[in-house]
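Enquirer: Here you go, sequence then predicted model.
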Amino acid sequence: MLHVFRHFIPETSVGPVEFLPRRCLRNRCSSFACRRCLQVCVSGALQLIEGRISFDVSSCTACMRCSAVCPNDALATRVDLGQLLSGLPADGETFFSCDRQPRRRASEVVLPCVGLFSAESLLVLLVNNRRVVVFNVTSCRDCPNHESSVAFLATLERVRQLCQPLFGGQVQLLQDDGQAGDVPRRRDFLSGLTGKAWTGVVHLTGTRPAVEQPVDDTRRRIADRRRLLQDVVKRLDPAGKELLRPVCLPQLRLLESCRLCPRCAGICPSAALRLERNGTDKKLLYDGMRCSGCGLCAAFCPEGALQLIEAPLTAGSESPLGTSGVRPAENPRGEEKI
């Protein structure tokens, strides 16, 4: 498995990150103010020019964080992460490094940067298997992409905090002394991480989620991160799925001002929303397994009737999206389905 990374990246002159404007949610809705990629880009390769994202590939340092946080895969990489992770053995040691690190194993997976890993991809690595996952971060401190490695460690911490009961193997970091140690010893903020209990659901008083139903709309695409999560869910027993669900799925709240118009369902890039009609009755159906948590539906709603709360796994905090000036209603439309 030496230099596995090369098997998933063709030998071309294209940079490690490619901006696909047709997928950018700012282009889907001109008033949408998503800044996730801009907030994580420290090289200046991504800029906002006249309301549109501009990407200068010559300035990109391949920290990969923009790809990890984009909710609609507008910043794509040449790494087929899903295929790579699915091909790893379920036991034994899997050793990850970047192309700036000295080689430490005869067999290792070489990526552009550990910043490539999203929370969902870490779940694929760590949930319901017996492997030992080692990340080589010996040179991260002095790397131009240092902030990306810090963000990766924070993501890893959050995954460990929320989902450790589902882990079957171990995760370690190769530290500055060249010895692989448990993740909690790598940084001060990771101390005491092992053994932290899984924490639960985001609650919002006075509201309930929309009905959750599967959506089969082939005209829309599911973001790669959601596909990774779906792969994880397939491997879990019912108890594991119930544990993972409140941690990983965004929550959609409907307020009394909702007129059940089709605008949110029409703008949703992943078909996570669907308006169901039965005679004169209408119901908004929501599929959390397809929802990327982008918040476009809430921003697009003229009545401000939608509240989307990011999943704890990806948000790291209880941060409602698109809720400015909106108060929770006592009797929101929709029913809750567990």
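Expert: Great, that's in hand.

Enquirer: Quick one: the helices in this protein, in order.
Expert: Applying DSSP state H to the chain gives helices spanning 5-8, 25-28, 36-40, 65-69, 81-86, 119-126, 146-163, 224-234, 238-248, 263-267, 296-300, 312-315.

Enquirer: Contacts only, for the spatially closest residue to Gly293 that is not a sequence neighbour.
Expert: Excluding the flanking residues, the one nearest Gly293 by C-beta to C-beta, 6 or more residues apart in numbering is Pro250, at 4.1 Å. All C-beta atoms are positioned from the backbone trio N, CA, C, and that covers glycine. By C-beta atoms under 8 Å, 6 or more residues apart in numbering, the contact set of Pro250 is 288, 291-293, 308-311.

Enquirer: Check Ala119 too.
Expert: Taking C-beta under 8 Å, 6+ apart as the definition, contacts of Ala119 comprise 155, 158-159, 313-314.

Enquirer: Give the buried subset of these as a ChimeraX selection command.
Expert: In ChimeraX, a selection of the buried entries from the contacts of Ala119 looks like this (16 or more other C-beta atoms under 10 Å):
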select :155,158,159,313,314
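
Enquirer: can you redo the contacts of Ala119 as TSV with pLDDT?
Expert: Formatted as TSV, the contacts of Ala119 follow (pLDDT from 0 to 100):
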residue	pLDDT
Thr155	94
Arg158	93
Val159	93
Leu313	92
Thr314	88
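
Enquirer: Average pLDDT for stretch 235-250, rounded please.
Expert: Stretch 235-250 shows an average pLDDT of 92 in the prediction.

Enquirer: Let me fix that, I meant to ask about stretch 46-61.
Expert: Average pLDDT, stretch 46-61: 94.

Enquirer: where does the stretch 151-300 of the chain dip in pLDDT?
Expert: 176-219 (pLDDT under 70).

Enquirer: follow-up on the earlier one: now for the contacts of Ala119: which two are most distant?
Expert: With C-beta to C-beta as the measure, no two of these lie farther apart than Val159 and Thr314, at 10.0 Å.

Enquirer: My guess is Ser270 contacts Asp224. True?
Expert: No. Ser270 is beyond contact range of Asp224, at 11.1 Å (criterion: C-beta atoms under 8 Å).
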